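>>> What follows is a predicted protein model with its sequence.
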Amino acid sequence: MDSAELLALYERMVLIRRTEKAAHDLFLQGLVKGTTHLAAGHEAIAVGASAALRDDDYVFATYRGHHHAMARGATPEECLAELMSRATGLCRAKGGSMHLTKASVNMLGSYAIVGAHLPMAVGAAWSARLRGTGQLAVAFFGDGATNIGAFHEALNLAAVWKLPVLFVCENNLYMEYTPIADVTAVSRPAADRAPAYGIPGEVVDGNDVVRVQEAVARLARRARAGDGPAVLEAETYRHFGHSRTDPATYRPAEEVERWLKHDPLDIARGRLVEDGVPEETVTAADERARTVVQEAVEAAKSAPPPDPREAFTDVWADGGAAWRT
Amino acid sequence: MDSAELLALYERMVLIRRTEKAAHDLFLQGLVKGTTHLAAGHEAIAVGASAALRDDDYVFATYRGHHHAMARGATPEECLAELMSRATGLCRAKGGSMHLTKASVNMLGSYAIVGAHLPMAVGAAWSARLRGTGQLAVAFFGDGATNIGAFHEALNLAAVWKLPVLFVCENNLYMEYTPIADVTAVSRPAADRAPAYGIPGEVVDGNDVVRVQEAVARLARRARAGDGPAVLEAETYRHFGHSRTDPATYRPAEEVERWLKHDPLDIARGRLVEDGVPEETVTAADERARTVVQEAVEAAKSAPPPDPREAFTDVWADGGAAWRT
Amino acid sequence: MADVTRERADDPRPISYRDAVAEGIAREMRRDPSVVCLGEDIGAAGGVFKTTAGLHEEFGPERVWDTPISEQAIVGAAMGAAMTGMRPVAEIMFSDFLACCWDYLANEIPKVRYMTGGQVTVPLVVRTANGGGLGFGAQHSQATENWALTVPGLKIAAPSTPADVVGMMAAAIRSDDPVVFFEHKGLLARKGAPPPPDHVVELGRAAVVRAGADVTLVALASMVPVALAAAERLAEEDIDVEIVDLRSLVPLDTATVLASLGRTSRLVTVEENPYQGGWGATLVSVVADEGFGLLDAPVRRVAGECVPLPFADALEEQVIPTVDKVVAAVRSLAAY
Amino acid sequence: MADVTRERADDPRPISYRDAVAEGIAREMRRDPSVVCLGEDIGAAGGVFKTTAGLHEEFGPERVWDTPISEQAIVGAAMGAAMTGMRPVAEIMFSDFLACCWDYLANEIPKVRYMTGGQVTVPLVVRTANGGGLGFGAQHSQATENWALTVPGLKIAAPSTPADVVGMMAAAIRSDDPVVFFEHKGLLARKGAPPPPDHVVELGRAAVVRAGADVTLVALASMVPVALAAAERLAEEDIDVEIVDLRSLVPLDTATVLASLGRTSRLVTVEENPYQGGWGATLVSVVADEGFGLLDAPVRRVAGECVPLPFADALEEQVIPTVDKVVAAVRSLAAY
Ligand SMILES: Cc1ncc(C[n+]2csc(CCOP(=O)(O)OP(=O)(O)O)c2C)c(N)n1
Ligand SMILES: Cc1ncc(C[n+]2csc(CCOP(=O)(O)OP(=O)(O)O)c2C)c(N)n1
Ligand SMILES: [Mg+2]
Ligand SMILES: [Mg+2]
């Protein structure tokens, strides 16, 4: 990867990190309601994968999906406005943090039932093949999702039909509060299961955006060539608790410390420095991201709330919600 | 296995075969309603496994479960009476062919939703461990069941909790009408998945009662010793179509012929002959089975139908069905 | 199969409900290449109920897909395909098995449009064989249309005649909204008038299938012939029954029911699903509110008993509404 | 945790609904060693809603089991354990996720006793956090008690007070029948009078929580405080409301409702689940039949709107019944 591209990916990661920090702060100020599942720490997976995809590829994410929405082009403002229940939010304040979606760029949603979106991604890949578009579908999911039935059914169907779909596991070592190792029969919850479907299963440092980009590019090429799906298990760690109410005290301090030192932003910055990119160039990217997010916060704050009548739109394709005639 | 035991197993298999033949004939006479899924061809799996189990071990089976009910001690009469909607049926005519159950001998049921009973068997094994009884649970299921979510969840949970449960797949090469190979990503649908749960996965000739008994005995010992669950994939073939309406024309004649030559009864008979058991002894066993089934048919035929009021019993533990107070 | 439609246009030979299913799907597959089918054993085998017979021959394996036994993957993949330009028709073999993919029916498919603020459209059909009366026991006999009714965002079709099967299948497949399409197992062998070419029956339009002055019977799917038979018997007693075939539960055609009630002032619902949580309850609650002034008598529901489906015929008859039970209910109201 | 019960006996400090859940389970675990708990994050973490806080400490990992994210395995294993001598209490974190194991709730657990002719007993409890109002969006906010109502063979508990939580938990765990136990997320933080020792509230007994002469309001769970608040407002207008807290849906205490109706002649149900397929419909259909002669006015249902749950507070308020909506409904009836 050349350093210009890396710098762009770095900036995107910073943008995500800062947006999530803003979401966290707004939560504490009472401006974000409901719940949030911050992806701080996971940025390299979304940004690295995205860099390896075509613009028209399909992405399906989980409730922890801010990074995927932004990696695919959602703006910090659209995301924050959604979290702050504004009419200008990505989903017009009807979805919230757990359901960020930007269909116009084929980021086809964030789903809050663990594992449910894996079969959907399979279906999108099937559709791409039926329509002959060469598109790929990618499902991002957590380590915990590997133990639910939908995971199994999705991987088998994708393998049998040899579909262009990638299953990217963000293994952050925990479900909500339970270590994934305590409830999973194999040590690599995703990659160790790939052989059960006769497909490749790879492990990658999910905090290194370059490695992620390379792995996804390779598996995507393969899938597009008609060689079928693959599993990629990206090792990572979340910086915050599971959701806003979780102080994450169940994690050993030493483990947290080790992983905070293995920060995706630091790793990318280190690579930039190694590549000879001047310090000021990097700082300028930081600065740009800071400004964008600051402006996004202000814009979202001053955006209007949704019209209450919006509660009764969008059930049906005709725009309405009538269930009687 | 000594030849006395083998002879007993042989006789049990003949009993099952003849009972199923009777069920088939009664169906054609209009005396059996609904549907049946005959297990003719699968007898060695039920009888061999049963011979390796303790009397108090738990068995869970599928809609194709006549052989399991009888292997665990249900009489041909109880089974046929159930199929013929008689008050004397195993389930008092409320279950039918697909739900044969004999709880008094811990044959805890036949379930007609593919894969649903695997987690139940896990739960029974968990219960055995909590109660410290040393009991084992066995779930028998088809090759088609290996692609459903409950399979995955059950195997993982059993493995994580190291429970005394065996997963015995009766691989008869087909789901209903579709070859299992067409819809499964690995060639051994059950055994090839065992590594995804870190447990042993073995394949056995499911038509050889001795081999089945040995394999189950070995895996049962292991499980009872606290070493956790295992998968056993028993290769077999059904002699009839999937269910009563299916002439099974989708199966190549050559394949059918080959498998009919590999009949579990013939194999057991061959072993008995090899062991020097006299022809007459074997014939006498055949004869006994014939008589039992003949008498069972007559008894079932002359048994009374259920009292219509039985429709309103057994919803609740108090015996009734009241949903209002 | 190719020219079934044309044949039928000038050949009013009756068509079976079973054949109407395949015919309805085939018509839409001919007119719209984005229609694809998936499900267990639906391909060369033609489905376990033969309701997809001929589709694999006519349209080939790229449009008719056999799947593993993976209900979640079937419906989940249908959803993903529907979101990306296809019109999938997924078969769930028995409606009881909807429980195996209920997350998709309850939480994903009906909500994704709303929760994304209208960004995505999910034009899919989930077809399934529904209902009892065939001695299939507790796990293969349920009438589960009421499950779907608990979930806003699903349209629900449940035709009672072959022509309606074809017409409502057209409407369902062309609909940009998700539709659960209940095909009644007990009706598969029944024959009826063939559908005209291009037959489309809009979802949410009930049919008054018998006019009458004394009591309104509202029925669905296999309960329509039961209601019709009851009406014949009641006619002998000079009780004149009007019968409304709802045809779909969502949209629910309450207008037609209230209009009928305006004529009869008496209402009985006839539903196969259990009394507790059954669709008749929702309809009755609309009537008890908006139609209260029209009522001259209590409203009665003849519904499935609140027990699982038993195997034996003699027991199953106790549980599923019969002509006798409908007659008794109507008689008691007429006398009120 | 060990002596919470004793402490409370002579200390009438209020207890929260949240703590009452753990207390109710703990009491049963103390008296019966066959009671075991399983679910996601319920052990050392005490559950994501802290409704199992303290159980792991008091009873240890052999009685409080953390599971993978495998709803089918959780409930399926609970079923197998219940059939073999244990009394499992399974947690499904949010009631929306019941859809992920619906086969067990719809087809296995409620039917196995019946379809085996009474051979097996399934004494288990599936506990789950139910309901909306917290801005959790479409997939974490539903009131799904009506899903369970569609299935004969499940008992359904949905307490509204901490004392009822403890008393109904005792009844549920001791029941030899399967019980789905809905704990309302919106009530978790509310406090109420502590339950006496050995408190057992039989399932199927509604409570008249406010006596009144003009209109009967029937409510459940979080809608009980909504109904009570509405009654206060209506009292100012001299409308005297009687409130029935159903507490359980199966068994359904229609006797108490009909008796109340005998006094008031007017009925409004207040339910959080959607109008279409909601439990109020079943209750109203009983009343429209058996209580028709008692009614002096239409029956009205204040129910969740027939849309998914939106995220923003301003939208969610439009969907879940509010005090205003209840007041308006009662007022319109009183004027009828
Ligand atoms: C089917 C289902 N079960 C349980 C939950 C509750 N839940 C939400 S997130 C979560 C943990 C998921 O862990 P993982 O898949 O590792 O993803 P992570 O949150 O770590 O990104 C759980 C149990 C859910 N949303 N869906
Ligand atoms: C969840 C579910 N899906 C579909 C069916 C319909 N069905 C019944 S048996 C069967 C084939 C099962 O094949 P397999 O597991 O190989 O068992 P076999 O019948 O060959 O013994 C199918 C698809 C079902 N009963 N349950
Ligand atoms: Mg995780
Ligand atoms: Mg098979």
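Yes, it's here. Ligands and ions are numbered 1, 2, ... in the order given.
>>> Can you tell me the element A:Leu108 falls in?
Assigned by DSSP states H and E, A:Leu108 falls within strand A:107-111.
>>> After that strand, heading C-terminal, what element do we hit next?
Counting by DSSP H and E, the element after strand A:107-111 in chain order, helix or strand, is helix A:117-131.
>>> is that next one anywhere near chain D?
No: shown here: helix A:117-131 not in contact with chain D (Cβ under 8 Å from any Cβ of the partner chain), separated by at least 11.2 Å. (Glycine included, C-beta is placed from N, CA and C.)
>>> For A:Ser104, grab phi and psi.
According to degrees, to the nearest 10, the main-chain angles of A:Ser104 amount to phi -60, psi -20.
>>> List the residues that contact it.
C:Gln119 (Cβ atoms under 8 Å, 6 or more residues apart in numbering or on different chains).
>>> Also A:Leu80?
By Cβ under 8 Å, 6+ apart, the contact list for A:Leu80 reads A:Thr19, A:Ala22, A:Ala23, A:Leu26, A:Ala296, A:Val297, A:Ala300.
>>> Just the pLDDT for A:Ser243.
A:Ser243 carries a pLDDT score of 93 in this model.
>>> Number of residues surrounding it?
Neighbourhood size, A:Ser243 [other Cβ atoms under 10 Å in any protein chain shown]: 17.
>>> For it, pull up the helix or strand it's in.
Here A:Ser243 is covered by no helix or strand, with elements defined by DSSP H and E.
>>> mind listing the helices for the stretch 101-250 of chain A?
A:117-131, A:149-160, A:209-222 (DSSP state H, counting those that start in this stretch).
>>> Please read the previous query as pertaining to chain C.
Assigned by DSSP state H, the helices in chain C fall at C:4-9, C:17-31, C:55-59, C:71-82, C:102-103, C:112-115, C:145-149, C:162-174, C:223-236, C:254-264, C:279-290, C:313-319, C:323-334.
>>> So which residues on the stretch 101-250 of chain A come close to chain D?
Within the stretch 101-250 of chain A, the positions near chain D by Cβ under 8 Å from any Cβ are A:111-115, A:144-145, A:147-149, A:175-178, A:182-184, A:250.
>>> Only the buried subset of the residues you listed, as a PyMOL command please.
Here is the PyMOL command that selects the buried residues among those (16 or more other Cβ atoms under 10 Å in any protein chain shown):
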select buried, chain A and resi 111+112+113+114+115+144+145+147+148+149+175+176+177+178+183+184+250
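>>> where are the low-confidence patches of the chain?
As the question left the chain open, I've gone with chain A. Nowhere does chain A drop to pLDDT under 70.
>>> try chain C instead
C:1-11.
>>> Any chance you could spot the residue sitting in the middle of it?
In chain C, the residue lying closest to the centroid (Cα atoms, centre = their mean) is C:Ala158, at 1.1 Å.
>>> which ones are touching that residue?
C:Asn130, C:Glu145, C:Phe181, C:Phe182, C:His184, C:Leu220, C:Ala221, C:Leu246, C:Arg247, C:Ser248, C:Leu249.
>>> Distance-wise, check the second one relative to C:His184.
When distances are taken as Cβ to Cβ, to the nearest Å, C:Glu145 and C:His184 turn out to be 10 Å apart.
>>> swap in the last one?
For C:Leu249, the distance to C:His184 (Cβ to Cβ) stands at 14 Å.
>>> If you drop the residues flanking it in sequence, what lies closest to the residue of the stretch 151-300 of chain C at minimum distance from chain A?
Using Cβ to the nearest Cβ, the single residue of the stretch 151-300 of chain C nearest to chain A is C:Asp176, 3.4 Å away. Excluding the flanking residues, the one nearest C:Asp176 by Cβ to Cβ, 6 or more residues apart in numbering or on different chains is A:Ala317, at 3.4 Å.
>>> Now that C:Pro194 has come up, it's in contact with C:Ser16, right?
No: using Cβ atoms under 8 Å, C:Pro194 is not in contact with C:Ser16; the gap is 10.2 Å.
>>> Provide the count of other residues in contact range of the one residue in the stretch 101-250 of chain C that gets nearest to chain B.
At 3.3 Å from chain B, C:Gly135 is the closest residue in the stretch 101-250 of chain C, using Cβ to the nearest Cβ. For C:Gly135, the count of nearby residues is 21 (other Cβ under 10 Å).
>>> element containing the closest residue to it other than its chain neighbours, please.
In this structure, C:Gly135 finds its nearest non-sequential neighbour in B:Gly34, 3.3 Å apart by Cβ to Cβ, 6+ apart. Here B:Gly34 is covered by no helix or strand, with elements defined by DSSP H and E.
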